[in-house]
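Q: Quick check, what structure comes out for this input:
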Amino acid sequence: MANSAYDMARQTPSASPWAAVGVSAFDEVLYQAILHQPDAGAGGWARLTGASPAQVRESCNRLLEFGLLQPPDSMGGLRAVDPRVAIRALIRRRETESELLAATAEEMATAYEAGLLREEPSRLVEVASGEGAIAARLGELYARAEHEVCLFDTPPYLAPPTPQVDLQAGLLRRGIISRGIYAATALEDPATLSRAWKMMELGEQARVLPSVPLKLLVVDGRRAMLPLTASEAGGYCAVVVWHSAVTEALQKLFELAWQQATPLGQAAGDGELSEGESTLTRLLASGMKDEAVARHLGVSLRTLRRRVSELQDRLGAASRFQLGVRASQRGWV
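A: Model (predicted):
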């Protein structure tokens, strides 16, 4: 069998995916030999693989442990287990081992961070300088998230937000909770508002405040990232803080702001509003000033106020505040 899987394994063992489940190159070659020559016995398999009988015996013991071989019985010697069954079981076992290892990561991280605090507190704070370094640390923080990410979003912006949008989208697809508080001034920028709505469609919980104190990212309440500087002359610097009293305080700051913030308006889903009215209610719910709403809609202030007045009439609202209450009651925002 010049083109058999056995021959290919002998020629290119280093390229084999078997290593991912802990099977060595020689164990793979031997297993392939057993599959193709099941009755050759230990001596025959040694000749096929070019190994000594002792090497074959050691490898057979490992293959037995992996569940790839059946032990000898009254009917004969070693036999290969059906690969479709054996390999799937081996993969599941390795996945279980990986999950058990991952489950200890948080406990080990706690011990690691406690050691940092005890031995060298300054190592709990890391400064990242420049856009590249900040982007790299941001990616690491998102990748390490296990439960929840909380963020304050406010200008100025370091760079085009696409990478962070991708990171957040990946986070939400992993089932991680994402909560964001946006400054109303940030949402006056059409690109930022569009990004916020996109994140909400993906599952982000978003709220808005007239202003937020700073940019902030808190991951699992244990790690945080916030800016130190943001000037074109001096460049950008951010600080990453490991689990400490500082991260706990920043998480509490976020929770206090979250309680005070207003849910960012979403489009109505019941068909009662036109597309334009739906957009208008979302913008009004975001807390923007009339001038900013008018810019978003591309209309004059006079036209905007007429449209708001028409909505008030539809709902029998005597004020903008009452309009917001009644729109919320109808599920429009």
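Q: Name every strand pairing with the helix or strand hosting residue 127 and say which way it goes.
A: Assigned by DSSP states H and E, residue 127 belongs to strand 125-129. Paired strands of strand 125-129, with direction, are strand 235-241 (antiparallel) (DSSP bridges).
Q: List the buried residues in the partner strand.
A: Neighbour-count burial for strand 235-241 flags 236, 237, 238, 240, 241 (criterion: 16 or more other Cβ atoms under 10 Å). Where C-beta positions appear, they are placed from N, C-alpha and C, glycine not excepted.
Q: low-scoring pLDDT stretches of the protein, where are they?
A: 1-16, 73-76, 101-103, 105-123, 157-163, 230-235, 265-273, 285-287, 315-333 (pLDDT under 70).
Q: Just want the angle from the top strand by length along it to strand 125-129.
A: Determined from DSSP state E, the single longest strand within the chain is strand 223-231. On the basis of axes from the mean of the first three to the mean of the last three Cα atoms, to 10 degrees, strand 223-231 is oriented at 40 degrees to strand 125-129.
Q: related to what we said a few turns ago, in the strand holding residue 127, what counts as buried?
A: Within strand 125-129, the residues that count as buried by 16+ other Cβ under 10 Å are residue 128.
Q: go on, stretch 59-74?
A: For stretch 59-74, by 16+ other Cβ under 10 Å, it's 59, 60, 62, 63, 66, 68, 69.
Q: Next, the angle strand 235-241 makes with the helix or strand following the strand holding residue 127.
A: Of the helices and strands lying after strand 125-129 in sequence (DSSP H and E), the nearest is helix 131-144. With the same axes, to 10 degrees applied, the angle from helix 131-144 to strand 235-241 works out at 30 degrees.
Q: Just the CA coordinates for helix 131-144, please, in CSV.
A: Extracted C-alpha coordinates of helix 131-144, given in CSV (Å, rounded to 0.1, in the frame of the first residue of the first chain):
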residue,chain,number,x,y,z
GLU,A,131,-1.3,52.7,20.1
GLY,A,132,0.2,49.3,19.3
ALA,A,133,1.0,48.4,22.9
ILE,A,134,-2.4,49.5,24.1
ALA,A,135,-4.2,47.6,21.4
ALA,A,136,-2.2,44.4,22.3
ARG,A,137,-3.0,44.7,26.0
LEU,A,138,-6.7,45.4,25.1
GLY,A,139,-6.8,42.2,23.1
GLU,A,140,-5.3,40.2,26.0
LEU,A,141,-7.8,41.6,28.4
TYR,A,142,-10.7,40.7,26.2
ALA,A,143,-9.3,37.2,25.5
ARG,A,144,-9.0,36.5,29.3
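Q: ok now it, how far from the chain's centre?
A: A distance of 12 Å separates the centroid of the chain from that of helix 131-144, by Cα atoms, centre = their mean, to the nearest Å.
Q: quick one: buried residues of that helix?
A: Across helix 131-144, burial judged by 16+ other Cβ under 10 Å covers 134, 135, 137, 138, 141, 142.
Q: Rebuild those residues as CSV, extending it with distance to residue 284.
A: Written out in CSV, the entries for the buried residues of helix 131-144 read as follows (distance: Cβ to Cβ, whole Å):
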residue, distance to residue 284
134, 34
135, 35
137, 37
138, 32
141, 34
142, 32
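Q: Just the residues contacting the strand holding residue 127, thanks.
A: 134, 136, 137, 228, 235, 236, 237, 238, 239, 240, 241, 242 (Cβ atoms under 8 Å, 6 or more residues apart in numbering).
Q: Return the set of buried residues in stretch 178-197.
A: Across stretch 178-197, burial judged by 16+ other Cβ under 10 Å covers 178-188, 192-193, 195-197.
Q: which pair in these spans the largest distance?
A: 178 and 188 (22.3 Å; Cβ to Cβ).
Q: just the helices in the stretch 1-150 of the chain please.
A: 5-11, 25-36, 41-49, 53-66, 83-103, 105-119, 131-144 (DSSP state H, counting those that start in this stretch).
Q: between the fifth one and helix 25-36, how many degrees?
A: What it means is helix 83-103. 150 degrees.
Q: Give me the residues contacting helix 83-103.
A: The contact list for helix 83-103 (Cβ under 8 Å, 6+ apart) reads 20, 21, 22, 23, 35, 66, 67, 68, 80.
Q: ok, now the last one?
A: Under the criterion Cβ under 8 Å, 6+ apart, residues 126, 128, 149, 158-159, 163-164, 167-168, 170-171, 217, 219-220, 223, 225, 236-238, 240 lie in contact with helix 131-144.
Q: Buried ones among those residues?
A: The neighbour count (16+ other Cβ under 10 Å) marks 128, 149, 158, 164, 167-168, 171, 217, 219-220, 223, 225, 236-238, 240 as buried among these.
Q: Let me know the closest of those to residue 41.
A: Of all those, residue 171 has the smallest distance to residue 41: 54.9 Å, by Cβ to Cβ.
Q: Surely the closest one is in a helix?
A: Yes - under DSSP: H, G, I helix; E, B strand; the rest coil, residue 171 sits within a helix.
Q: just checking, residue 37 touches residue 49?
A: No - at 10.4 Å, residue 37 and residue 49 do not qualify as touching, with contact defined as Cβ atoms under 8 Å.
Q: between those two, which one's more packed in?
A: A count of neighbours by other Cβ atoms under 10 Å puts residue 49 above the other of residue 37 and residue 49, at 19 against 14.
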